[in-house]
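Make a model of this:
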Amino acid sequence: MCGIVGIVSQEPVNQQVYDSLLLLQHRGQDSTGIATLDGDFFHAVKAKGQVREAYRTRDMRTLKGNIGLGHVRYATRGSAAAEEEAQPFYVGAPYGIILVHNGNLTNTRELTAELYNVDRRHLNTHSDTELLLNVLANELQAGIAGLSLDADQVFEAVSRVYQRVEGSYATIALIAGYGLLAFRDPNGIRPLVLGRRTAASGADEWVVASESLVLESGGYEVVRDVEPGEAILISPDGTMESRQCAAQTRLVPCAFEYIYLARPDSVLDGIAVYDARLRLGDVLAEEIAEQLPDVDIDVVMPIPDSARPSAMQVAQKLGIEYREGFFKNRYVGRTFIMPGQAVRKKSVRQKLNAMSIEFKGKNVLIVDDSIVRGTTSREIVEMARAAGAKSVIFASAAPPVVFPHVYGINMPSRGELIAHGRSSEEIAAELGADHLIYMSVEGMNRAIMQGQDRVTELEQSCFTGEYIAGNVDAEYLAWVEATQES
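The predicted structure is shown next:
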């Protein structure tokens, strides 16, 4: 999970990209990077850490040009600590290309061998983004006819990229002298939204970003989501061309975008994230009432912030008082995307504080968006009991996470997943909760996709073990786990 943005403007773009990355900070806090294109010259700044601390006035002054892209990184492949793995990545030929990407490639072993042994290209990191960049550069180089590059050649190159690359990838690249290229994997797993506004000169200005809130904040009209398998090419003068470049496509966005990853004020593939979370609460309330009909509950409390809409609906549907029992320190990052169990455990206590006045002597139903490793949930249950809760019922607005997620979320090891190989009763005991309720897979699908017909299926491999892209099998999952542990 990362956040990406690309902008073609009629005025300097550095501040626009910076502001966009601030809005996407929730998607990654390991590192960040901005690159701009000024005529035929690239300017780039990359740094570890969050956006607000990463850039100085002198950095912004170097980022000249009216076309730019940006990235916030949450490491799922390679090292989170390695600054050289921060995006964007650059190659000098053909023409010069600089690229950012959100997602995970699943055939990195095969691509690495091909690039070294067939394409004769050198890789300097373990990042699958560098792999993707070099595949694109190689296909562009192979398809160039004549002295210049045209849209047909670009789209044909992207078609060949689709034939070689497997997994999830929403991608934005700048090509020196030619503009901005964006494309989305044939299954549409990771989001990418296209927007447009009119400059004072009357020319079109464009943005592509991971979430629609970037467009709305910048005064852009949301044109549409980039389609699975589609490539979009925008020239420096604002001319936009698009083409369907993949032979076979289907729209299967990641369920976790709606459950946790995206900001609630975004709309992805026609589904409003906030509305989806409200509906998840409605369905969760139904399942709580069915599974725990005789359990006394005095109060419903959310784990802020992403679980708040679901918890509000649970309280309303069950006719139980809703209270805010946990106070959130907003200066601590999202614990789910922090590397290492020890760091996550420590950060939970820094991030949340239980207010005793809301817990003392009460049977408390705590609603969270999901339970992955159980680190956060276990600490929360302990905090609730220490604050005086009489009993603690824990509810997840997502189904049990039983399988690794290989499409851009850092949950690669089955041994890290608290639900893998355990029953709900065993998990409740691990968490220290009196009762535990998980959303069903059927209920999740019904809640997220209700009221629209654009999305008819979700990428939900971490709940079901059904992997839709990349020939993911037991051998591959074992290799991923081994490389993460080494």
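
Which positions in stretch 34-42 come out as buried?
34-38, 42 (16 or more other CB atoms under 10 Å). Placement of C-beta: from N, CA and C, glycine included.

typo on my end, it should be stretch 145-152
For stretch 145-152, a neighbour-count test (16+ other CB under 10 Å) marks 149, 151 as buried.

What's the end-to-end length of it?
Terminal residues of stretch 145-152 lie 11 Å apart, using CA to CA, to the nearest Å.

what do you get for stretch 296-310?
Taking CA to CA, stretch 296-310 runs 20 Å from one end to the other.

State the mean pLDDT of that stretch.
For stretch 296-310, mean pLDDT rounds to 95.

how far does it sit from the chain's center?
Relative to the chain's own centre, stretch 296-310 is displaced by 24 Å; criterion: CA atoms, centre = their mean, to the nearest Å.

who's in contact with it?
Stretch 296-310 is contacted by residues 259-260, 264, 274, 277-278, 280-281, 284, 311-312, 314-315, 318, 320-326, 328, 352, 358, 362-369, 376, 380, 390-391, 393, 397 when judged by CB atoms under 8 Å, 6 or more residues apart in numbering.

that older thread, which of the buried residues of stretch 34-42 sits closest to I418?
Nearest to I418 among these: I34, at 37.5 Å, using CB to CB.

Could you confirm the closest one falls within a strand?
Yes. Using DSSP: H, G, I helix; E, B strand; the rest coil, the assignment for I34 is a strand.

Check whether it really touches F42, as I assumed.
No. Assessed by CB atoms under 8 Å, I34 is found out of contact with F42, at 11.0 Å.

sorry, back to before: select from the contacts of stretch 296-310 every entry located in strands.
Among the contacts of stretch 296-310, the members found in strands (DSSP state E) are 321-322, 326, 328, 352, 363-368, 391, 393.

Can you select the buried ones from those in PyMOL?
Listed next is the PyMOL selection for buried residues among these, using 16+ other CB under 10 Å:
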select buried, resi 322+326+352+363+364+365+366+367+368+391+393
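
beta partners of V367?
Using DSSP bridges, the bridge partners assigned to V367 are P302, A395.

my read: it touches A285, true?
No. V367 is not in contact with A285 according to CB under 8 Å; the separation is 9.6 Å.

Buried by neighbour count: which residues of the longest helix anywhere in the chain qualify?
Longest helix of the chain, by residue count under DSSP state H: helix 273-291. Neighbour-count burial for helix 273-291 flags 273-288 (criterion: 16+ other CB under 10 Å).

which helices and strands does that helix pack with?
Applying 3 or more CB pairs under 8 Å, 6 or more residues apart in numbering; DSSP states H and E, one finds that helix 273-291 contacts helix 308-318, strand 363-368, strand 435-438, helix 441-449.

That one to helix 308-318, inter-axis angle?
When axes from the mean of the first three to the mean of the last three CA atoms, to 10 degrees is applied, the directions of helix 273-291 and helix 308-318 differ by 40 degrees.

The chain - how does it break down into domains?
Per the record, the chain has its domains at 3-251, 272-465, by automatic domain parsing.

one step back: so which of the buried residues of stretch 34-42 would you say is closest to L417?
Nearest to L417, judged by CB to CB, of the buried residues of stretch 34-42 is I34 at 35.0 Å.

Spatially nearest residue to that closest one (excluding sequence neighbours)?
Spatial nearest neighbour of I34, chain neighbours left out: G70 (4.6 Å); criterion: CB to CB, 6 or more residues apart in numbering.

Now the two most distant members of the buried residues of stretch 34-42.
It's I34 and D38 that sit farthest apart of the buried residues of stretch 34-42, by CB to CB, at 12.9 Å.

Next up, the contacts around G374.
Shown in contact with G374 (CB under 8 Å, 6+ apart): 418, 427, 430-431.

Inside helices: which ones of the residues you listed?
Reading helices off these with DSSP H, I get 427, 430-431.

export those to CSV and tack on pLDDT?
Supplementary listing: the ones in helices among the contacts of G374 in CSV, determined by pLDDT from 0 to 100:
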residue, pLDDT
I427, 97
E430, 95
L431, 96
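
List the strands paired with the helix or strand where R197 lies, with their directions.
Using DSSP states H and E, R197 falls within strand 193-198. Note on strand 193-198: by DSSP bridges, its sheet partners are strand 204-209 (antiparallel), strand 221-225 (antiparallel).

Just send those back as a markdown table, with distance to L477 too.
Listed next are those as a markdown table, based on distance: least, CB to CB, whole Å:
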| stretch | distance to L477 |
| --- | --- |
| strand 204-209 | 31 |
| strand 221-225 | 30 |
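
Now distance to C2 and mean neighbour count too, for these, in CSV please.
Shown next, in CSV, are those (distance: least, CB to CB, whole Å; neighbours: other CB atoms under 10 Å):
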stretch, distance to C2, mean neighbour count
strand 204-209, 12, 25
strand 221-225, 17, 15
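
For I234, which of these is the nearest?
I234 sits nearest to strand 204-209 of all those, at 5.0 Å, using CB to CB.

With just CA atoms, put the closest one into CSV.
Taking C-alpha atoms only, strand 204-209 is exported to CSV below (Å, rounded to 0.1, in the frame of the first residue of the first chain):
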residue,chain,number,x,y,z
ASP,A,204,-6.7,21.3,-19.6
GLU,A,205,-4.8,20.4,-16.4
TRP,A,206,-4.8,16.8,-15.3
VAL,A,207,-4.2,14.7,-12.2
VAL,A,208,-4.1,11.0,-11.5
ALA,A,209,-4.0,9.8,-7.9
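
Can you name the residues in contact with it?
For strand 204-209, contacts defined as CB under 8 Å, 6+ apart pick out 3-10, 20, 24, 172, 180, 182, 192-199, 214-215, 218, 220, 226, 232, 234, 238-240.

ok, 6 Å please
Outside strand 204-209, the residues that touch it by CB atoms under 6 Å, 6 or more residues apart in numbering are 5-10, 172, 182, 192-197, 199, 215, 220, 234, 238.

which of the residues you listed are buried?
By neighbour count, with 16+ other CB under 10 Å, the contacts of strand 204-209 hold 5-10, 172, 182, 192-196, 215, 220, 234, 238 as buried.

Show only the entries of the residues you listed found in helices.
Members of the buried ones among the contacts of strand 204-209 lying in helices (criterion: DSSP H): L215.

before we move on, back to that, same list (the ones in helices among the contacts of G374) but as a markdown table, adding distance to I468.
Output for the ones in helices among the contacts of G374, formatted as a markdown table (distance: CB to CB, whole Å):
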| residue | distance to I468 |
| --- | --- |
| I427 | 27 |
| E430 | 30 |
| L431 | 31 |
